[in-house]
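In: Let's see this in three dimensions:
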Amino acid sequence: MLWLAIILVVAWLLGWGVFHVAGGLIHLLLVIAVVVFLINFFTGRRTV
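Out: Got it, this is the predicted structure:
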């Protein structure tokens, strides 16, 4: 899960100034990934 968030952050930073639409979509995916991570963290579920 952490590697996915890192890839999304890097892709978002690369696309931030170049592709506004792609940057927005990656930002949305990043926010969804963070929310899912926080839900899993607070509920105590552990996925491998």
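In: And for I39, the neighbour number?
Out: Per other CB atoms under 10 Å, the neighbour tally for I39 reads 10. All C-beta atoms are positioned from the backbone trio N, CA, C, and that covers glycine.
In: measure it to I32 for me?
Out: Noted for I39: a distance of 11 Å to I32, by CB to CB, to the nearest Å.
In: and the helix or strand in which L38 is found, how far from the chain's centre?
Out: Using DSSP states H and E, L38 sits in helix 20-43. Remark: helix 20-43 is offset 4 Å from the chain centroid, using CA atoms, centre = their mean, to the nearest Å.
In: which secondary structure elements does that helix contact?
Out: helix 2-16 (3 or more CB pairs under 8 Å, 6 or more residues apart in numbering; DSSP states H and E).
In: The helix it packs on vs helix 20-43, what angle?
Out: Interaxial angle of helix 2-16 relative to helix 20-43 (axes from the mean of the first three to the mean of the last three CA atoms, to 10 degrees): 160 degrees.
In: I'd like to know which elements helix 2-16 is packed against.
Out: If you count contacts as 3+ CB pairs under 8 Å, 6+ apart, helix 2-16 packs onto helix 20-43.
In: List the buried residues in the helix it packs on.
Out: Neighbour counts over helix 20-43 (16 or more other CB atoms under 10 Å) mark 23, 26-27, 29-30, 33 as buried.
In: and the gap between T43 and F37?
Out: 11 Å.
In: who's in contact with the residue nearest the centre of the chain?
Out: Most central residue of the chain, judged by C-alpha distance to the mean C-alpha position with CA atoms, centre = their mean, is L30 at 2.3 Å. By CB atoms under 8 Å, 6 or more residues apart in numbering, the residues touching L30 are 5, 8-9, 12.
In: Show me just the buried residues among those.
Out: By neighbour count, with 16+ other CB under 10 Å, those hold 8, 12 as buried.
In: With respect to pLDDT, which of the contacts of L30 ranks lowest?
Out: Lowest pLDDT within these is found at W12 (70).
In: Not counting sequence-adjacent ones, nearest residue to that residue?
Out: Beyond its immediate neighbours in the sequence, the residue positioned closest to W12 (CB to CB, 6 or more residues apart in numbering) is I26, lying 4.3 Å away.
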